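In: need the 3D shape of this:
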Amino acid sequence: MDEDQVAETPWYEHVIPRGRHNLLNILVELSRLFEQKGESFIIIGAFSLLIRGVLTYTVLWDLDLLLKDKESMDKFIEAPKSPEVEIEHLDEKLMVGKTISSLHTAWRFTGNWLSVDYILLPGDFDFYRANPEEEITLKSKVTFEEKSYRLNLPVAAPWDMIVKKLLSPRFERELESRDSLSVDVRHVFHLLSKYGDAPAFWERVAKKAAYLKQSHQVKGNLLRFFSLKDEIGYGQMNLDENLAGMVSAL
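Out: Numbering: from 1, shown residues only. Sure, this is the predicted structure:
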């Protein structure tokens, strides 16, 4: 998105009104930190899909910041922040799991607190960063209630998000349960709705699935989604000849 580009429906309209100023101020602060520290983090998760215009519904959004490693996380934590922002660490220390480590925090400039999670996923930072810089750096100027907010943020690319969604164990469980309200299945549906007819999107999906050596699994889970779409409430998603050809080429 170009810096002065204005979307028809601003993404922040899908943020609860009382949280909009706070969220925008936090994004400005993260933009400042990104400009100072370079590649220290990248925004992943549902919010990355909201700010890119993929998701268009209102929920209580939070931020997932993926960092390269523990050293990068420590540097991010220690980096001087705006004196106007309050940050509370909800975990006493980094919570280390089998496949993911996280530190749960809450940020606030005004109003309600916003959940901001610092996340470590082995190998994922390099996966998300393996794109041209201009494709994952989102620059925009948001004007809300006569105040302008300049954003310059590293945000996960949509083709990376769909690859990760299709490979997640939760996505497979959601398909098996036929749960129409499931999170990952819903995100895959919205990604397909926005980009499904774009050959360039599928070229990137194929490239990044191959990067992970998971092309067969990505293709298989995607075809399974289409085979079950009527049962899980997404019958309106048509697998036409053009789309079927792009999926088959994965």
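In: in what helix or strand does the nearest residue to residue 166 once chain neighbours are set aside lie?
Out: Leaving aside its sequence neighbours, residue 166 sits nearest to residue 221 (Cβ to Cβ, 6 or more residues apart in numbering; 4.5 Å). For glycine as for every other residue, the C-beta is placed from the backbone atoms N, C-alpha and C. According to DSSP states H and E, residue 221 maps onto helix 215-228.
In: next SSE after that helix?
Out: That would be, after helix 215-228 and using DSSP H and E, helix 241-248.
In: now the angle between helix 215-228 and that next one, please.
Out: 140 degrees (axes from the mean of the first three to the mean of the last three Cα atoms, to 10 degrees).
In: what sits against residue 67?
Out: Going by Cβ atoms under 8 Å, 6 or more residues apart in numbering, residue 67 touches 40, 41, 73, 76, 118, 119, 120, 125.
In: if we go to 6 Å?
Out: Applying Cβ atoms under 6 Å, 6 or more residues apart in numbering to residue 67 gives the contacts 41, 73.
In: mean confidence for stretch 168-182?
Out: For stretch 168-182, mean pLDDT rounds to 88.
In: okay, the helix holding residue 221 in PDB with CA atoms only?
Out: Taking C-alpha atoms only, helix 215-228 is exported to PDB below (Å, rounded to 0.1, in the frame of the first residue of the first chain):
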ATOM      1  CA  SER A 215       4.100 -28.600  -1.000                       C
ATOM      2  CA  HIS A 216       2.200 -32.000  -0.800                       C
ATOM      3  CA  GLN A 217       0.700 -31.200   2.600                       C
ATOM      4  CA  VAL A 218      -0.300 -27.700   1.600                       C
ATOM      5  CA  LYS A 219      -2.000 -28.900  -1.600                       C
ATOM      6  CA  GLY A 220      -3.700 -31.800   0.300                       C
ATOM      7  CA  ASN A 221      -5.100 -29.700   3.000                       C
ATOM      8  CA  LEU A 222      -6.400 -27.100   0.500                       C
ATOM      9  CA  LEU A 223      -8.100 -29.800  -1.500                       C
ATOM     10  CA  ARG A 224      -9.600 -31.200   1.700                       C
ATOM     11  CA  PHE A 225     -11.000 -27.800   2.500                       C
ATOM     12  CA  PHE A 226     -12.700 -27.600  -0.800                       C
ATOM     13  CA  SER A 227     -14.100 -31.200  -0.500                       C
ATOM     14  CA  LEU A 228     -15.600 -30.200   2.900                       C
END
